[in-house]
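Structure for the following, please:
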Amino acid sequence: MNAEEVKARSEEPKLSSTVLHKPLKSEPTKPEEATRSVKSQNQRPKSFFSSKKLNASIISSERTRSLSSLTIAAFVVLFPRLNIISSDTILALRPLWLLILTDCAIVMSHLTMETSGGGLSHEMEDEGKSKDGNNGENWSDAEKLLERGVVVYQALRGMFIDCSLYMSFHENTTVAEVTAATEVETTAGQRSGGGGKKKCVCSPSKHPRSFKCRLLGKVALITGGATGIGESIVRLFHKHGAKVCVVDLQDDLGGEVCKSLLCGETKETACFIHGDVRVEDDISNAVDFAVKKFGTLDILINNAGLCGAPCPDIRNNSLSEFEKIFDVNVKGAFLSMKHAARVMIPEKKGSIVSLCSVGGVMGGIGPHAYVGSKHAVLGLTRSVAAELGQHGIRVNCVSPYAVATKLALAHLPEEERTEDAFVGFRNFAAANANLKGVELTVDDVANAVLFLASDESRYISGDNLMIDGGFTCTNHSFKVFR
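Numbering: from 1, shown residues only. Purely as a prediction, here's the structure:
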């Protein structure tokens, strides 16, 4: 590169924080600005990417770099499938692969324009004259390059990246800074009985720098993931880059959740399997299915549970109903932990999170079977944490306050689970809550589970995360503050 080219490159207009998921458009130019731009055309900085400034040696080096990057990118895709390099190694080196793919996009888009029609600067001049007669002053070389480069990049990044990507260009950078983001537009089902549809979007345009895929490359098994809190956990985990396997008895609802997650996906990152947590073979098969489908199991969420019908008199409690609640809430959690440990122990890592309740730390919150079972889940969590901690596996649980889901009103006949019934439940919960003015939702619980499942809580085990707004640690019986 001669001195003139170095100078031209240093004088190139700087492009800052240009997000590539939107088309680049030129701003209209005022007549006096157009006249001034034509007069100063000979003095304006020449872009490094202009084909007039690229000699044969530069083009040759660009082609060599593009070929090398594409070759490496191809190996990145093929190595895991040929068992030459493990998936964990690929993920560990992910920033390098992203830079390589970005480099491919930029170089290929440049070479494509250079070899198709006489170069970029000629195309600019033609478009500029036809649009507003200012000799293409509004369409900089960099803008034209980026506008075409995103097409190539999007084609490349779909090969092995689950999350959507966006690129930000800063001053003096020739390779894009790539940050993981997610663009999800899904429709949640009836989360609170007649709650309608919910559109969940987390796109680069709204979160250009803060969003982080917290479960990228992880595989999660979620029991009871077809509705309510479980569905919210499934959607949130998938949004954060996890591959999810849903286990439920409700085939239609579970399948619908997974289908909505796969809309527009190039890979199968969500699957459903019918299973009853009370049946050991079902749980064993579900774990094996997830491992066969996605290669491993990193996270287990014990969400399946029953509450039972209110029965204020223990003399009227049915033994069969009591056993049914314990079978689902306690036996189901135990069997899931047992078979998840079978996969996690050899890997020396993993996270297990069980759904407990405020009824697991105090009495008088619900039916005897429900409260007793949730106390048992908490004790089981701490006991299993003591064993599996020796293998690097974390075991925790979360205990939410009252959440308006179908499970909360499961004791009512179907025809009585109306919107008014859910409103009444919310009003009752709000009246007895310690934290006023805030309604606990399924998404609040899902966020807490996400924290315990992710590496952000990598040294937390045997814990019970209370999501109760201070309900279990305050006593307003004496009415000191109200």
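
all contacts plus neighbour counts: C-alpha atoms, from now on.
OK.

Dump stretch 415-435 to CSV, restricted to CA.
The C-alpha atoms that make up stretch 415-435 are tabulated as CSV, following Å, rounded to 0.1, in the frame of the first residue of the first chain:
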residue,chain,number,x,y,z
GLU,A,415,-66.4,-24.1,33.7
GLU,A,416,-65.6,-22.1,36.9
ARG,A,417,-62.0,-21.2,35.8
THR,A,418,-63.2,-17.9,34.4
GLU,A,419,-61.5,-14.6,34.1
ASP,A,420,-63.4,-13.4,37.1
ALA,A,421,-62.0,-16.3,39.1
PHE,A,422,-58.5,-15.3,38.2
VAL,A,423,-59.2,-11.7,39.1
GLY,A,424,-60.5,-12.9,42.5
PHE,A,425,-57.3,-14.9,43.0
ARG,A,426,-55.1,-11.9,42.2
ASN,A,427,-57.1,-9.6,44.5
PHE,A,428,-56.8,-12.1,47.3
ALA,A,429,-53.0,-12.5,46.8
ALA,A,430,-52.6,-8.7,46.6
ALA,A,431,-54.5,-8.1,49.8
ASN,A,432,-52.3,-10.5,51.8
ALA,A,433,-49.0,-9.7,50.1
ASN,A,434,-46.2,-7.9,52.0
LEU,A,435,-45.0,-6.1,48.9
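
which parts of that stretch are buried?
Residues of stretch 415-435 classed as buried by neighbour count (16 or more other CA atoms under 10 Å): Arg417, Phe422, Phe425, Arg426, Ala429, Ala430, Ala433, Asn434.

now those in JSON lines, with distance to Ser373?
Formatted as JSON lines, these follow (distance: CA to CA, whole Å):
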{"residue": "Arg417", "distance to Ser373": "25"}
{"residue": "Phe422", "distance to Ser373": "24"}
{"residue": "Phe425", "distance to Ser373": "22"}
{"residue": "Arg426", "distance to Ser373": "24"}
{"residue": "Ala429", "distance to Ser373": "21"}
{"residue": "Ala430", "distance to Ser373": "25"}
{"residue": "Ala433", "distance to Ser373": "23"}
{"residue": "Asn434", "distance to Ser373": "24"}
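
ok, Ala430 touching Glu439?
Yes. Assessed by CA atoms under 8 Å, Ala430 is found in contact with Glu439 at 7.1 Å.

count of neighbours near Thr227?
23 (other CA atoms under 10 Å).

rewinding a little: same list (the buried residues of stretch 415-435) but as JSON lines, adding secondary structure, distance to Ala369 and pLDDT.
Formatted as JSON lines, those follow (DSSP: H, G, I helix; E, B strand; the rest coil; distance: CA to CA, whole Å; pLDDT from 0 to 100):
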{"residue": "Arg417", "secondary structure": "coil", "distance to Ala369": "22", "pLDDT": "87"}
{"residue": "Phe422", "secondary structure": "helix", "distance to Ala369": "23", "pLDDT": "92"}
{"residue": "Phe425", "secondary structure": "helix", "distance to Ala369": "21", "pLDDT": "92"}
{"residue": "Arg426", "secondary structure": "helix", "distance to Ala369": "23", "pLDDT": "94"}
{"residue": "Ala429", "secondary structure": "helix", "distance to Ala369": "21", "pLDDT": "94"}
{"residue": "Ala430", "secondary structure": "helix", "distance to Ala369": "24", "pLDDT": "95"}
{"residue": "Ala433", "secondary structure": "coil", "distance to Ala369": "23", "pLDDT": "96"}
{"residue": "Asn434", "secondary structure": "coil", "distance to Ala369": "25", "pLDDT": "96"}
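
and of the residues you listed, the nearest to Asn475?
Nearest to Asn475 among these: Asn434, at 8.8 Å, using CA to CA.

what's the closest non-adjacent residue to Cys307?
Spatial nearest neighbour of Cys307, excluding adjacent residues (CA to CA, 6 or more residues apart in numbering): Tyr370 at 5.5 Å.

in a helix, that's where that neighbour is, yeah?
Yes. Under DSSP: H, G, I helix; E, B strand; the rest coil, Tyr370 falls within a helix.

Give me the pLDDT for it.
In this prediction, Tyr370 carries a pLDDT score of 97.

In this structure it contacts Pro310, no?
No. Counting by CA under 8 Å, Tyr370 stays clear of Pro310, with 9.7 Å between them.

For these two, indicate the residue with more neighbours.
Using other CA under 10 Å as the criterion, Tyr370 and Pro310 rank with Tyr370 on top: 24 against 14.

which residues sit in contact with that one?
Shown in contact with Tyr370 (CA atoms under 8 Å, 6 or more residues apart in numbering): Leu306, Cys307, Gly308, Ile325, Phe326, Gly359.

how deep is the third one tucked in, by neighbour count?
Applying other CA under 10 Å, we find 21 residues neighbouring Gly308.

Look up phi and psi at it.
With angles defined as degrees, to the nearest 10, Gly308 sits at phi 90, psi 160.

Can you give me every residue that contacts the nearest residue to it once chain neighbours are set aside?
Excluding the flanking residues, the one nearest Gly308 by CA to CA, 6+ apart is His411, at 6.1 Å. For His411, the contact set (CA under 8 Å, 6+ apart) comprises Cys307, Gly308, Ala309, Pro310.

and His411, which of the three is it?
His411 ends up coil, using three-state DSSP.

same thing with Ser351?
Three-state call for Ser351 (three-state DSSP): strand.

my read: it touches Asn302, true?
No. Contact criterion CA under 8 Å: Ser351 and Asn302 do not qualify, at 11.1 Å.

Go ahead and name everything in contact with the top strand by length along the chain.
Longest strand of the chain, by residue count under DSSP state E: strand 393-400. Contact with strand 393-400 is made by 344-345, 348-358, 360, 378, 381-382, 384-385, 388-389, 445, 448-449, 452, 458-468, as judged by CA under 8 Å, 6+ apart.

Partner strands of that strand and their direction?
If you go by DSSP bridges, strand 393-400 pairs up with strand 350-355 (parallel), strand 464-467 (parallel).

Using CSV, write out every CA atom in it.
The C-alpha trace of strand 393-400 is given here as CSV (Å, rounded to 0.1, in the frame of the first residue of the first chain):
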residue,chain,number,x,y,z
ILE,A,393,-23.4,-30.2,40.2
ARG,A,394,-25.5,-27.5,41.8
VAL,A,395,-29.0,-28.2,43.2
ASN,A,396,-31.3,-25.4,44.2
CYS,A,397,-35.0,-24.5,44.4
VAL,A,398,-37.2,-21.4,44.1
SER,A,399,-40.2,-20.6,46.3
PRO,A,400,-42.7,-18.2,44.8
